[in-house]
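Asker: Structure, please.
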Amino acid sequence: MSRPGDYLELVRAPAVLTVLGDSVAGGAAAGRSLTGRRALMPLASACLYAGGMALNDYADRDLDAVERPERPIPSGRISARNALTAASALTAAGLGLCAAAGGRGALAVGVPLAVSIWTYDLAAKNHALPGAVSMGTCRALDVLMGAGAGHIKPALGAAGIMGGHTAAVTLLSRGEVNGTDAATASGAAVTTGVLAALVAAGSAGPPARTLAVLGAAAAYALRCAPAQIRAARNPAAGNALSATKAGIRAMVPLQAALAVRHGHPAAAGALIGVDIIGRIIRSRPRGRRVSES
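Answerer: Numbers count the residues shown, from 1 in each chain. The predicted model follows:
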């Protein structure tokens, strides 16, 4: 019988924290706070992401039996059927929460997001560049879901930044088992620098806000660029895996930078709290850790 911990591993529970800030950043960019029912939007993102992770392992079950036999499906802790059921249920829950949080305007983005997630897991991820673009699109749509269909335009910049970061991390993640190459890792590092500069360039406003945006953009770059540079110098599998994890973890500081850039320091503060929770989870004894990638 599967244990709850097996399902937490299936959905990459620690990494779920990295999507909570997507809708926060999108709402901030569109001038819409996540108050009232809209506070459910991050939970919608979390369910859709977790469903995508379960579906990812369902689709990769044969490959994982060779490369990652310790994962829940190939190890026999969760059946392929139950993993697919979990993916379907979490996707349905995510869309339900999306509807409750933002009505038709949110669903107009949430449904294409769900379709994009399933398309990535079942088809696009088998191809390097299309897979990276597909995953980046998923993250961008998650940001836009926080804005809502009627408020897309002002959130496009934030969506593009989150999507660009995600695409670079996705390309790098393909080298977790057999190693990456210097060009891919270098491209990820350059992307990090460009995105940090774009965030900082939009920091016009009161001096305090400008300093906060610059600090948050620097925190984002420092979270992932060093590991990406190490992978560029030595593109071995271990360095690619470390750079991938760093890129995943850097998403929360990037979301916080976007929130404060658009005048929502309280939302940025909440995301800093999410980041601290993630650090606490990752500090648990190694034997109890759950994979993020």
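Asker: Can you read off the pLDDT for S293?
Answerer: In this model, S293 is scored at 65, pLDDT.
Asker: cool, A216 as well?
Answerer: 92.
Asker: got a list of what it touches?
Answerer: V199, P253, A256, A257, V260, R261, A268 (CB atoms under 8 Å, 6 or more residues apart in numbering). All C-beta atoms are positioned from the backbone trio N, CA, C, and that covers glycine.
Asker: 6 Å instead?
Answerer: A256, A257, V260 (CB atoms under 6 Å, 6 or more residues apart in numbering).
Asker: Can you select the buried ones from the residues you listed in PyMOL?
Answerer: Selection command for PyMOL covering only the buried members of the contacts of A216, criterion 16 or more other CB atoms under 10 Å:
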select buried, resi 256+257+260
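Asker: Got the confidence number for A196?
Answerer: A196 is given a pLDDT of 97.
Asker: Ok, R288 next?
Answerer: On the pLDDT scale, R288 gets 50.
Asker: quick revisit: just the closest of the contacts of A216 to I272, please.
Answerer: Nearest to I272 among the contacts of A216 is A256, at 5.9 Å by CB to CB.
Asker: tell me what the longest helix seen in the chain is packed against?
Answerer: Assignment by DSSP state H gives helix 80-122 as the longest helix of the chain. The contact analysis (3 or more CB pairs under 6 Å, 6 or more residues apart in numbering; DSSP states H and E) places helix 80-122 against helix 41-59, helix 128-147.
Asker: what's the angle between the helix or strand that comes right after the longest one and helix 80-122?
Answerer: Proceeding C-terminally, helix 128-147 gives way to helix 156-173 as the next helix or strand, assigned by DSSP states H and E. For the pair helix 156-173 and helix 80-122, the angle between their directions (axes from the mean of the first three to the mean of the last three CA atoms, to 10 degrees) equals 110 degrees.
Asker: Contacts for the helix or strand following helix 156-173, please.
Answerer: Once the chain leaves helix 156-173, the next helix or strand it forms, by DSSP H and E, is helix 182-201. Under the contact criterion CB under 6 Å, 6+ apart, helix 182-201 has outside partners 161, 164-165, 168, 171-172, 214, 217, 220-221, 224-225, 228-229, 231-232, 235, 257.
Asker: let's go with 7 Å and repeat that
Answerer: Contact with helix 182-201 is made by 161, 164-165, 168-169, 171-172, 175, 213-214, 217, 220-221, 224-225, 228-229, 231-232, 235, 243, 247, 257-258, 261, as judged by CB atoms under 7 Å, 6 or more residues apart in numbering.
Asker: Could you do stretch 137-157 as well?
Answerer: So stretch 137-157 is contacted by 19, 22-27, 29-32, 41, 45, 98, 102, 105-106, 108-110, 112-113, 116-117, 120, 158-160, 162-163, 166 (CB under 7 Å, 6+ apart).
Asker: ok, back up a step: please pick the buried ones from the contacts of helix 182-201.
Answerer: In the contacts of helix 182-201, the ones that pass as buried (16+ other CB under 10 Å) are 161, 164-165, 168-169, 171-172, 175, 213-214, 217, 220-221, 224-225, 228-229, 231-232, 235, 243, 247, 257-258, 261.
Asker: Name the spans of this structure whose pLDDT lies under the cut-off.
Answerer: The chain contains residues with pLDDT under 70 at 1, 203-204, 285-293.
Asker: re earlier: what's the ChimeraX syntax to select whichever of the contacts of stretch 137-157 are buried?
Answerer: Here is the ChimeraX selection string for the buried members of the contacts of stretch 137-157, based on 16+ other CB under 10 Å:
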select :19,22,23,24,25,26,27,29,30,32,41,45,98,102,105,106,108,109,110,112,113,116,117,120,158,159,162,163,166
